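> What follows is a predicted structure for the sequence shown.
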Amino acid sequence: MVQPPSEEAVVDIHLKPWDLRLITIDYIQKGILLPKPLAGGGIVDTLAFSFARALAGRFYPLAGRLTVEHHADETIAVLLRCTGDGAEFVHAVAPDVTVEDIVASVFTPSVVRDFYPLNHVVGADAAIKSLPMLSAQVTELDDGIFIGLSMNHCVGDGTTFWEFFNTWSEISRGGAKNDDLGEISFNSKPTPVPALQKWFVDDASPVPIRLPFSKLQHVLRRFERPTVKECFFTFSAASLRKLKARANNEMAGTATATISSLQALLAHVWLAVSRARRLPPQHETSYSMFIGCRGRVKGIPQGYLGNAVVFGKTSSTIGEILSKGLGWTAWQLNRSVASFDETTMKEWLDRWIREPDFEYMGNLSSGGAALMTGSSPRFDVFGNDFRWGKPVAVRSGPGDKMDGKATVFEGPQRGGSMSLEVCIAPEALARLVADEEFMETVSMPM
């Protein structure tokens, strides 16, 4: 266990509905594949040291523990107690695995799952089993290094996750005393920012929020994880410009706003996956996306740590999206994002306090007819240079891998390129990869 370099006062952070509703899903698991450092030993110790430094200040709460308070009326409250107990740091070796093994094919090899700690652990398990909020695994490969990070989703979303990753790499990259990776000094730390503060709808919100359960275990629903397979596709900026232009041209004279590159890409994927699944035309299908609230909701600044996302869902039938095509499908996604309303969101948060409900990944798959996209191409993935080179690739862990999960990242070329990890049933995935209309837009597997 790695602890922050300095102790701070023990304080409790009260989780809000956005946080608590995600206590039932797996840890966020994302990682980067890096080239092998040219320098000698000491790499792992250096990474552990900078990892500890990253836990100081702004990210100190991630070194805390989830705590359950039991009340006389058989309700419970779940708190994040900033104890400084630390985060987990794991060192592993996989000398028979090469960088090429991971990036050569669009199919993600199963060995990638072993590069992550806390697999298939849901947020509530951290309180029940006293597990860390954050865990990193550094795996030394034959000719590279994979850094996998797992973070409890009820204490942060993708923005929090990648900001921590960025801070960790910044400290490791910028604090070097000389060219020896084994010697590192941190005389200059990243610019400090305010500590994590939780945003509630108004001052009348109960703190802490009490859940109508006598035990936290009663919130959980374990479900049988489906058999799925993953592929990783990268789309160049040029390919995305063509998709965006095509979608907007198809909706010319009808659409009242511009369809974005991301919306065009997700519509393209929705169409291709619908063809690959071979479901009947009348079958209902849906696409769910996370919509970020930073900058959209008053009182939630861009630097807010925690969860600040809502689900936006678009529904149709297989036959409708296949017959109406890319532009129409992209426009439905565009309208879903545009329909975000701060007043409605606040009403939902207020209602959740009275009638809490939780996210269960087993429900989101909708029997193999739905798609869901998390993450964002705006997250800085390929800027995570730990001082010996930028990442070669990014991959996600086994957490919440359901039939229909499509995770979006910035592309390795940056400059407007994007990558998608698509996770669906094996037979449908085989048809997707054989779909020429879809694959001609793919640039590379990395």
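Alright, I've got the coordinates. This one's a predicted model, so the numbers in the text were calculated from it and none came from an experiment.
> doesn't Glu347 fall inside a strand?
No. Counting by DSSP: H, G, I helix; E, B strand; the rest coil, Glu347 is not found in a strand; it is helix.
> Next one: it from Ile353, what distance?
11 Å (C-beta to C-beta, to the nearest Å). Just so you know, the C-beta spots here come from the backbone N, C-alpha and C atoms, and that holds for glycine as well.
> between these two, which one's more packed in?
The neighbour comparison of Glu347 against Ile353 (other C-beta atoms under 10 Å) goes to Ile353, with 17 against 12.
> what about the closest residue to that one other than its chain neighbours, how many neighbours?
Nearest residue to Ile353, sequence neighbours excluded (C-beta to C-beta, 6 or more residues apart in numbering): Ile209, at 5.7 Å. Number of residues near Ile209 (other C-beta under 10 Å) recorded here: 21.
> Can you check my assumption that Ile209 lies in a helix?
No. Applying three-state DSSP, one finds Ile209 to be coil, outside a helix.
> so what's it up against?
His14, Leu15, Lys16, Pro17, Leu20, Ala77, Ile353, Pro356 (C-beta atoms under 8 Å, 6 or more residues apart in numbering).
> Would you agree the second one is in contact with Gly156?
Spelled out, it's Leu15. No. Using C-beta atoms under 8 Å, Leu15 makes no contact with Gly156, being 10.9 Å away.
> Overlap in contacts, these two.
By C-beta under 8 Å, 6+ apart, no residue touches both Leu15 and Gly156.
> among the contacts of Ile209, which are in strands?
When DSSP state E defines the strands, the subset of these inside them is His14, Ala77.
> Now flag whichever of the contacts of Ile209 is closest to Arg221.
Pro356 (14.0 Å; C-beta to C-beta).
> how many other residues sit next to that closest one?
16.
> tell me the contacts of it?
Neighbours of Pro356 in contact, by C-beta under 8 Å, 6+ apart: Pro17, Leu20, Arg21, Ile209, Leu211, Pro212.
> now with 10 Å?
Pro356 sits next to Pro17, Leu20, Arg21, Ile209, Arg210, Leu211, Pro212, Phe213, Val219 when contact means C-beta atoms under 10 Å, 6 or more residues apart in numbering.
> Can you tell me which of those are buried?
Using 16 or more other C-beta atoms under 10 Å as the burial test, the contacts of Pro356 include Pro17, Leu20, Arg21, Ile209, Arg210, Leu211, Val219 as buried.
> closest to Lys324 among the contacts of Pro356?
Arg21 (33.1 Å).
> how much space between the closest one and Ala9?
Distance, Arg21 to Ala9, using C-beta to C-beta: 29 Å.
> so where's the chain shaky on pLDDT?
Where the chain drops to pLDDT under 70, the residues are 40, 175-205, 364-366, 445-446.
> longest helix anywhere in it?
Scanning the chain for the helix with the most residues, using DSSP state H, yields helix 318-338.
> Wait, a strand at Gly399?
No. Secondary structure of Gly399 (three-state DSSP): coil, not part of a strand.
> That one: neighbour count?
Neighbour tally, Gly399, other C-beta under 10 Å: 23.
> contacting residues for it?
25-30, 113, 116, 118-122, 150-151, 153, 361, 405.
> Quick check: closest non-adjacent residue to it.
Asp26 (3.5 Å).
> Could you check how far the one you found is from Val44?
Asp26 is 26 Å from Val44, by C-beta to C-beta.
> which stretches of this protein form strands?
Under DSSP E, the chain gives strands at 11-14, 28-35, 65-70, 76-82, 88-94, 134-141, 144-151, 229-235, 284-292, 309-317, 370-374, 393-396, 405-410, 418-424.
> Against which helices or strands is the fifth one packed?
Going back to what we said before, that points to strand 88-94. helix 43-54, strand 134-141, strand 144-151 (3 or more C-beta pairs under 10 Å, 6 or more residues apart in numbering; DSSP states H and E).
> Now tabulate those in TSV and tack on mean neighbour count and distance to Ser339.
Converted to TSV, these look like this (neighbours: other C-beta atoms under 10 Å; distance: least, C-beta to C-beta, whole Å):
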stretch	mean neighbour count	distance to Ser339
helix 43-54	20	37
strand 134-141	23	34
strand 144-151	26	29
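> now the ones you listed in CSV, with distance to Arg414?
Below are these laid out as CSV (distance: least, C-beta to C-beta, whole Å):
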stretch, distance to Arg414
helix 43-54, 23
strand 134-141, 24
strand 144-151, 19
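> Relative to Val106, which of those is closest?
strand 144-151 (18.4 Å).
> Adjacent strands (with direction) for that closest one?
strand 28-35 (antiparallel), strand 134-141 (antiparallel) (DSSP bridges).
> how close does the residue nearest to Ile353 get to Ile171?
From Ile209 over to Ile171 (counting by C-beta to C-beta), the distance is 34 Å.
> And Val408, by the same measure?
Counting by C-beta to C-beta, the gap from Val408 to Ile171 is 27 Å.
> Please name the residues that touch the closest residue to Arg431 other than its chain neighbours.
Of all residues not flanking Arg431 in the chain, Ala276 sits nearest, at 4.1 Å (C-beta to C-beta, 6+ apart). Going by C-beta under 10 Å, 6+ apart, Ala276 touches 422, 424-425, 427-435, 438.
> Just the buried subset of the residues you listed, written out for ChimeraX, thanks.
A single ChimeraX command selects the buried members of those (16+ other C-beta under 10 Å):
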select :422,424,425,428,429,431,432,433,438
